[in-house]
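1. pasting the structure only:
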Ligand SMILES: NC(=O)c1ccc[n+]([C@@H]2O[C@H](COP(=O)([O-])OP(=O)(O)OC[C@H]3O[C@@H](n4cnc5c(N)ncnc54)[C@H](OP(=O)(O)O)[C@@H]3O)[C@@H](O)[C@H]2O)c1
């Protein structure tokens with residue numbers, strides 16, 4: 001099969017190349033999925049799981065990409081819950097070959113059915129950003145109706161999901177980002193916007209929850225904005241500064257079939273919009289994933305149509 005592979009950690013996305021790889025075999029409880037569309041988070045090339053297995057052994061050449069929508073073509077021994085020919089979407093294991101390929105083997109429990117009226121491209125854009133937003137707000141952040149949420153990068157893939165879900169849940173949402181993203185963040189439902197390049201972040205006053213997708217100085221300054229009993233939720237590593245009287249949590253998104261179901265239900269009834277930027281075929285994936293200009297929205301790679 002055709003796949004994007006990486007072998008050189010230092011090269012980042014520039015080290016990606018299109019290659020021929022063996023078709024994956026389903027292990028116990030796996031399904032093999034014919035990938036129709038795949039998402040990709042550029043930072044995954046900086047994670048150890050791209051380069052080594054769980055015992056730290058070199059697993060290159062590895063296939064990046066860990067979210068997909070496609071059709072089940074084979075079941076492993078003992079696999080239940082999904083069947084051959086079923087449309088599915090979901091998050092795949094970080095330490096196994098990923099989804100920038102024509103086929104991928106993945107544990108069936110990591111996937112959820114993709115309804116027939118949801119496009120594969122939309123389906124592939126949902127798992128990482130949708131599950132990250134859901135888990136950060138409701139599991140780790142324990143958001144309550146009426147609380148205020150500061151969403152960094154509110155026009156980005158994760159931030160736009162966080163903004164929409166927090167609004168639906170009855171929170172007051174302040175989005176942040178670059179000046180050019182103001183309107184997009186407001187369109188996703190932010191009630192205020194802080195331009196991180198020109199406005200004073202501290203002017204927002206106190207908030208109950210900060211959802212940080214940026215980290216660094218922005219993350220450190222955010223800790224001081226958390227009200228007593230509030231939470232700083234980070235998806236970019238452990239917060240360097242903790243709120244004086246609140247919690248600081250960092251987490252890595254987990255597969256969850258029920259939550260995928262909640263997310264796709266909202267896409268179907270119009271409560272959630274995804275933010276898709278570029279769509280490219282697998283043959284053009286290397287250039288699409290190495291843009292020469294600033295792009296917004298998720299890049300989705302099509303492997304079958
Ligand atoms: N822990 C987890 O499980 C998990 C899951 C998903 C994502 N993540 C991480 O979360 C981060 C965001 O992912 P994403 O897919 O949402 O990326 P994204 O679509 O690029 O969104 C990030 C947004 O924040 C903006 N931004 C970044 N730095 C900024 C700064 N200094 N000032 C103002 N705006 C800034 C970006 O603008 P520009 O594009 O102009 O920089 C973009 O609009 C990534 O680091 C990713 O690895 C972690």
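-> Nice, I can see it. As the structure is a computational prediction, the values presented were derived from the model and not from experiment.
2. Phi first, then psi, for whatever residue of the chain ends up closest to the ligand.
-> Closest residue of the chain to the ligand, Cβ to the nearest ligand atom: residue 156 (2.0 Å). C-betas here are computed from N, CA, C, even on glycine. With angles defined as degrees, to the nearest 10, residue 156 sits at phi -80, psi -180.
3. My read is that residue 49 contacts residue 97, right?
-> No. Residue 49 lies out of contact with residue 97 (Cβ atoms under 8 Å); the separation is 11.3 Å.
4. between these two, which one's more packed in?
-> Neighbours were counted for residue 49 and for residue 97 using other Cβ atoms under 10 Å; residue 97 has more, 24 against 17.
5. what's the helix or strand for the more buried one?
-> If you go by DSSP states H and E, residue 97 is not part of any helix or strand.
6. Just the pLDDT for it.
-> pLDDT, residue 97: 97.
7. Identify the residues contacting the nearest residue to it once chain neighbours are set aside.
-> Ranked by Cβ to Cβ, 6 or more residues apart in numbering and with sequence neighbours excluded, the top spatial neighbour of residue 97 is residue 63, at 4.1 Å. In this structure, residue 63 makes contact with 3-6, 21, 97-101, 104, judged by Cβ atoms under 8 Å, 6 or more residues apart in numbering.
8. make it 7 Å
-> Going by Cβ atoms under 7 Å, 6 or more residues apart in numbering, residue 63 touches 3-5, 21, 97-98, 100-101.
9. Start and end of stretch 45-62, how far apart?
-> With Cα to Cα, to the nearest Å applied, stretch 45-62 spans 10 Å between its terminal residues.
10. Now it: buried residues?
-> For stretch 45-62, the neighbour count (16 or more other Cβ atoms under 10 Å) marks 45, 49-52, 59, 62 as buried.
11. Stretch 113-128 now?
-> Residues 113-114, 118, 120-128 are the ones in stretch 113-128 that count as buried (16+ other Cβ under 10 Å).
12. Not counting stretch 121-140 itself, show me its contacts.
-> Against stretch 121-140 from outside (Cβ under 7 Å, 6+ apart): 37-39, 41, 66-69, 89-91, 114, 143, 157-158, 161-162, 165-166, 211, 233, 235, 249, 251, 253-254, 256, 259-260, 262-264, 267, 274, 276, 279, 298, 300, 302.
13. Narrow the residues you listed to those in helices?
-> Among the contacts of stretch 121-140, the ones falling in helices (DSSP state H) are 157-158, 161-162, 165-166, 259-260, 262-264, 267.
14. quick check, nearest of those residues to residue 288?
-> Nearest to residue 288 out of the ones in helices among the contacts of stretch 121-140 is residue 157 (Cβ to Cβ; 15.1 Å).
15. what's the helix or strand for the nearest residue to that closest one once chain neighbours are set aside?
-> With sequence-adjacent residues excluded and distances taken as Cβ to Cβ, 6+ apart, residue 157 is closest to residue 129, at 4.2 Å. Remark: residue 129 resides in helix 127-134, with elements defined by DSSP H and E.
16. Quick one: mean pLDDT for that helix?
-> For helix 127-134, the mean per-residue pLDDT is 98.
17. now swap in stretch 4-14 and tell me
-> 96.
18. does the ligand sit close to it?
-> No. Using Cβ under 6 Å from any ligand atom, we find that stretch 4-14 stays clear of the ligand, coming within 12.8 Å at best.
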